[in-house]
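Visitor: how would this look folded up:
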Amino acid sequence: MSFRLAVPSDLRGAVDAAGADWQANNKVERFWQKDPSLWTRDGEEKWMGWIDIVERQQKDLGTFAELGGDIESSDFQSVLLLGMGGSSLCPEVLAKTFGHRPGFPELHIVDSTDPAEVKAACDEVDLAETLVIVASKSGSTLEPNILKQFFFSEMRRAVNNDDEVGTHFVAITDPGSKMEQVAKADNFRGIHYGDPEIGGRYSALSNFGLVPATAIGLDVEKLLAGAAKAVASAKLPVGDNPGVQLGLLLGTAANAGRDKITIFTSPEIADLGAWLEQLIAESTGKQGKGITPVDLEAIGAPSVYGNDRVFAYVRLKDTTDASQDAKVDALEAAGHPVVRFEIGDRYEIFGQFFTWEIATAVAGSVIGINPFNQPDVEAAKIETRTLTTEYEKSGKLPQRTPFLTGKDDAGTPFALYATDAYAAKLKGAAPSQTLAGILRAHLDQLVAGDYFATVAFLPMFDEDVAAIQSFRHKVRDKKRVATCLGFGPRFLHSTGQDYKGGPNTGVFLQITADHADDMDIPGQKYSFGVVIDAQAAGDLAVLESRGRRALRVHLGTDVAAGLKALGAAISAALD
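Guide: Below you'll find the predicted structure:
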């Protein structure tokens with residue numbers, strides 16, 4: 001792995017001063033001693049089990065070999081991993097980076113409560129030939145629990161043998177969790193334990209990453225050896241320490257107003273950005289401070305960017321597409337801070353996991369926050385729980401009244417929602433009381449240093465992603481602001497923390513839709529459609545309670561038509 005920082009002159013002095021402070025005050029050694037005084041003295045030392053997890057996993061290679069042999073001999077064709085946030089994002093990176101390996105099952109991730117997406121995941125595999133991994137640290141997270149209920153019921157139908165159902169399930173969870181109890185009661189094939197001192201977003205090199213890696217046939221010894229090199233580098237003096245240097249830059253830059261990090265990767269490792277989003281946003285976005293990660297923005301010319309960004313480029317040495325190199329060079333030449341990593345092969349991505357964990361924790365120290373808690377993620381969970389409880393009592397979710405409804409020229413319906421105060425502001429500023437008019441007023445709220453975030457409670461299908469990607473880039477190019485895209489509920493366990501707890505610099509467009517088809521959840525009074533609607537409502541309520549500039553656009557049942565109409569309206573709003 002090679003590493004290089006390009007630090008512009010306006011940041012160089014502050015970054016050097018931070019490095020001198022870490023060197024003079026022995027902070028690298030104190031870091032490895034889990035010294036909470038590096039942060040806020042809020043129990044940070046209780047969440048640092050990840051710093052020695054690689055060494056511990058290397059001592060347990062026999063367990064992974066045994067698991068791999070069991071899965072290979074069982075002739076499973078697919079693995080479905082049910083999880084959210086830190087329990088699913090590392091496995092997603094593995095699935096998309098390494099693909100299907102001969103002789104082992106193909107890994108699929110289910111991290112949505114959208115009924116169309118759950119149904120698509122179910123239809124994609126033959127359950128009778130599938131191993132289901134239920135990944136949940138606490139065992140109390142809503143999404144993996146209801147997904148487990150659904151797929152356990154579907155598996156019973158598929159195998160038509162009650163005694164066999166549990167043999168298709170494996171749990172990854174912390175000792176003593178509710179999920180451990182469920183797994184034992186349902187005679188799961190196995191239980192693999194997490195470390196209670198490792199938070200979800202720092203868990204990639206724990207069993208939450210290594211059990212799925214083993215299941216799809218990766219060489220665990222090789223990946224841990226690669227990670228061990230990153231561990232060794234993270235113990236070096238400041239000047240030779242990639243993770244610490246990166247963290248000092250990110251924290252110093254954020255304090256100076258460059259509080260967005262835009263992530264570029266070679267296409268073969270593109271999903272690394274999704275994992276980095278959670279790590280950085282959920283760790284740093286709190287107390288009105290934070291670093292907002294920007295993933296999946298195509299590289300633009302330097303002229304479309306403001307002065308609020310750091311750029312990170314993780315390059316695979318033998319990438320099939322080196323066209324990004326010159327574009328990143330141009331950003332550096334224009335005076336932007338640029339971080340570059342080059343990795344020799346895909347297995348070195350495990351070293352990237354550890355290096356960025358170090359960097360994020362160091363950045364938290366520089367910013368002055370606890371990088372291991374996530375208070376605003378919990379706030380959204382509580383709001384969702386309140387709404388689903390209300391549904392269980394009354395049979396319906398609380399309804400809000402839209403401040404504007406209508407149809408586009410093709411007859412595609414929409415409804416707009418916001419707080420009374422923000423709705424009045426938008427209506428007063430809109431050139432016309434139309435979707436495009438309100439969107440123009442909403443986008444006109446963006447000023448230098450802001451970011452535009454689209455949060456879509458829709459199925460994360462390729463066509464939906466492409467439609468939103470198209471208009472987010474138009475907003476970036478016209479407004480010269482960072483843009484973000486998250487799909488609910490997965491972003492609630494990731495960037496949702498920064499959106500609610502970080503700086504109040506986001507302008508949010510929430511997209512929801514009617515469900516053409518819904519799916520019941522065995523053992524519950526509510527359906528998947530009710531759950532995702534409650535999650536969207538909870539998300540909007542917490543954003544609004546934090547004083548965020550948030551607008552919801554609700555579409556009909558034809559999501560494709562609705563997104564086309566929305567894209568056209570945004571284009572008109574930007575003209």
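
Visitor: Count the residues that sit near Pro36.
Guide: By other C-beta atoms under 10 Å, the residues close to Pro36 number 17. For the C-beta atoms, the positions are set from N, CA and C on the backbone; glycine is no exception.

Visitor: Now for it: which residues touch it?
Guide: Shown in contact with Pro36 (C-beta atoms under 8 Å, 6 or more residues apart in numbering): 42-45.

Visitor: do that again at 7 Å, thanks
Guide: Shown here is Pro36, whose contacts under the criterion C-beta atoms under 7 Å, 6 or more residues apart in numbering are 43-45.

Visitor: looking at those, which has the most residues close by?
Guide: Going by other C-beta under 10 Å, Glu44 tops the contacts of Pro36 with 21 neighbours.

Visitor: Skipping adjacent residues, who's closest to that residue in space?
Guide: Pro36 (4.4 Å; C-beta to C-beta, 6 or more residues apart in numbering).

Visitor: Turn the contacts of Pro36 into JSON lines, including distance to Ser153.
Guide: Converted to JSON lines, the contacts of Pro36 look like this (distance: C-beta to C-beta, whole Å):
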{"residue": "Gly43", "distance to Ser153": "40"}
{"residue": "Glu44", "distance to Ser153": "41"}
{"residue": "Glu45", "distance to Ser153": "42"}
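
Visitor: Provide a complete list of residue ranges assigned to helices in the stretch 201-350 of the chain.
Guide: For the stretch 201-350 of the chain, applying DSSP state H, counting those that start in this stretch gives helices covering 207-215, 220-233, 242-255, 272-284, 324-333, 349-367.

Visitor: just checking, what packs against the second one?
Guide: In this case it means helix 220-233. Judged by 3 or more C-beta pairs under 7 Å, 6 or more residues apart in numbering; DSSP states H and E, helix 220-233 is in contact with helix 53-58, helix 61-74, helix 207-215, helix 349-367.

Visitor: what would the helices of the stretch 201-350 of the chain look like in JSON lines with mean neighbour count?
Guide: As requested, the helices of the stretch 201-350 of the chain are arranged in JSON lines below (neighbours: other C-beta atoms under 10 Å):
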{"stretch": "helix 207-215", "mean neighbour count": "27"}
{"stretch": "helix 220-233", "mean neighbour count": "19"}
{"stretch": "helix 242-255", "mean neighbour count": "26"}
{"stretch": "helix 272-284", "mean neighbour count": "26"}
{"stretch": "helix 324-333", "mean neighbour count": "15"}
{"stretch": "helix 349-367", "mean neighbour count": "26"}
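
Visitor: closest to Gly395 out of the ones you listed?
Guide: helix 272-284 (34.2 Å; C-beta to C-beta).

Visitor: about what we covered before: dump the helices and strands packed on helix 220-233 to CSV, plus distance to Ala536 and mean pLDDT.
Guide: What follows is those, written out as CSV (distance: least, C-beta to C-beta, whole Å; pLDDT from 0 to 100):
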stretch, distance to Ala536, mean pLDDT
helix 53-58, 35, 98
helix 61-74, 37, 94
helix 207-215, 27, 98
helix 349-367, 28, 98
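
Visitor: Tell me which of those lies nearest to Gln245.
Guide: Of the helices and strands packed on helix 220-233, nearest to Gln245 by C-beta to C-beta is helix 349-367, at 8.1 Å.

Visitor: Nearest spatial neighbour of Glu392, chain-adjacent residues omitted?
Guide: Counting by C-beta to C-beta, 6+ apart, Glu392 lies nearest to Lys525, which is 4.9 Å off, once chain neighbours are set aside.

Visitor: I figured the one you found hits Glu390, correct?
Guide: No. With contact defined as C-beta atoms under 7 Å, Lys525 does not reach Glu390; the gap is 11.2 Å.

Visitor: Could you tell me which residues touch both of the two?
Guide: Contacts common to Lys525 and Glu390, judged by C-beta under 7 Å, 6+ apart, are absent.

Visitor: Pick the one among the contacts of Pro36 closest to Arg346.
Guide: Nearest to Arg346 among the contacts of Pro36: Glu44, at 32.1 Å, using C-beta to C-beta.

Visitor: Tally up the residues packed near the nearest residue to Val559 once chain neighbours are set aside, please.
Guide: With C-beta to C-beta, 6+ apart as the measure, Ala513 is the residue that lies nearest to Val559, at 5.2 Å, once sequence neighbours are left out. Residues near Ala513, counting by other C-beta under 10 Å, number 25.

Visitor: which strand residues sit across from Ala513 in the sheet?
Guide: In this structure, Ala513 bridges to Leu555 when assessed by DSSP bridges.

Visitor: One more: Arg549?
Guide: Assessed by DSSP bridges, Arg549 has beta-bridge partners Val507.

Visitor: how much space between it and Arg101?
Guide: Arg549 is 46 Å from Arg101, where distance means C-beta to C-beta, to the nearest Å.

Visitor: Neighbour count: those two, which is higher?
Guide: Ranked by neighbour count (other C-beta under 10 Å), Arg549 and Arg101 place Arg549 first, with 22 against 13.

Visitor: what sits against that one?
Guide: 422, 445, 507-508.

Visitor: what's the closest of the residues you listed to Phe151?
Guide: Nearest to Phe151 among these, with distances taken as C-beta to C-beta, is Phe508, at 32.1 Å.

Visitor: just checking, what packs against the helix or strand of the chain with the lowest mean pLDDT?
Guide: Within the chain, confidence by mean pLDDT, DSSP states H and E is lowest for helix 375-394 among all helices and strands, at a mean of 85. Secondary-structure packing of helix 375-394 (3+ C-beta pairs under 7 Å, 6+ apart): helix 496-501, helix 528-545.

Visitor: just those: most buried one?
Guide: Stretch with highest mean neighbour count among the helices and strands packed on helix 375-394: helix 496-501 (a mean of 28; mean count of other C-beta atoms under 10 Å).

Visitor: Centre of the chain to that one, how far?
Guide: Taking C-alpha atoms, centre = their mean, to the nearest Å, one finds the center of helix 496-501 at 12 Å from the center of the full chain.

Visitor: Pull the residues that contact that helix.
Guide: 281-282, 285-287, 290, 292, 374-377, 379-380, 453, 506, 508, 539, 542-543, 546.

Visitor: The same query, at a cut-off of 8 Å, please.
Guide: 281-282, 284-288, 290-293, 374-377, 379-380, 453, 455, 486, 506, 508, 539, 542-543, 546, 548.

Visitor: sorry, back to before: run the angle between the least confident helix or strand of the chain and helix 272-284 for me.
Guide: Orientation of helix 375-394 against helix 272-284 (axes from the mean of the first three to the mean of the last three C-alpha atoms, to 10 degrees) gives an angle of 90 degrees.

Visitor: Go ahead and confirm His473 touches Thr483.
Guide: Yes. Shown here, His473 and Thr483 form a contact pair, counting by C-beta atoms under 8 Å, at 7.2 Å.

Visitor: Between these two, tell me which one has more neighbours.
Guide: Shown here are His473 and Thr483; by other C-beta under 10 Å, Thr483 has more neighbours (25 against 16).

Visitor: and that one, helix, strand or coil?
Guide: With DSSP: H, G, I helix; E, B strand; the rest coil as the basis, Thr483 sits in strand.

Visitor: Now Ser571: which helix or strand?
Guide: Assigned by DSSP states H and E, Ser571 belongs to helix 559-574.

Visitor: Export only the CA atoms of that helix, formatted as CSV.
Guide: Extracted C-alpha coordinates of helix 559-574, given in CSV (Å, rounded to 0.1, in the frame of the first residue of the first chain):
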residue,chain,number,x,y,z
VAL,A,559,-41.7,5.0,-8.7
ALA,A,560,-40.0,5.2,-12.1
ALA,A,561,-42.5,7.8,-13.4
GLY,A,562,-42.4,9.7,-10.2
LEU,A,563,-38.6,10.0,-10.3
LYS,A,564,-38.7,11.0,-13.9
ALA,A,565,-41.1,13.8,-13.0
LEU,A,566,-39.0,14.8,-10.1
GLY,A,567,-35.9,14.9,-12.2
ALA,A,568,-37.6,17.1,-14.8
ALA,A,569,-38.8,19.5,-12.1
ILE,A,570,-35.4,19.8,-10.6
SER,A,571,-33.9,20.5,-14.0
ALA,A,572,-36.5,23.2,-14.5
ALA,A,573,-35.8,24.6,-11.0
LEU,A,574,-32.1,24.9,-11.8
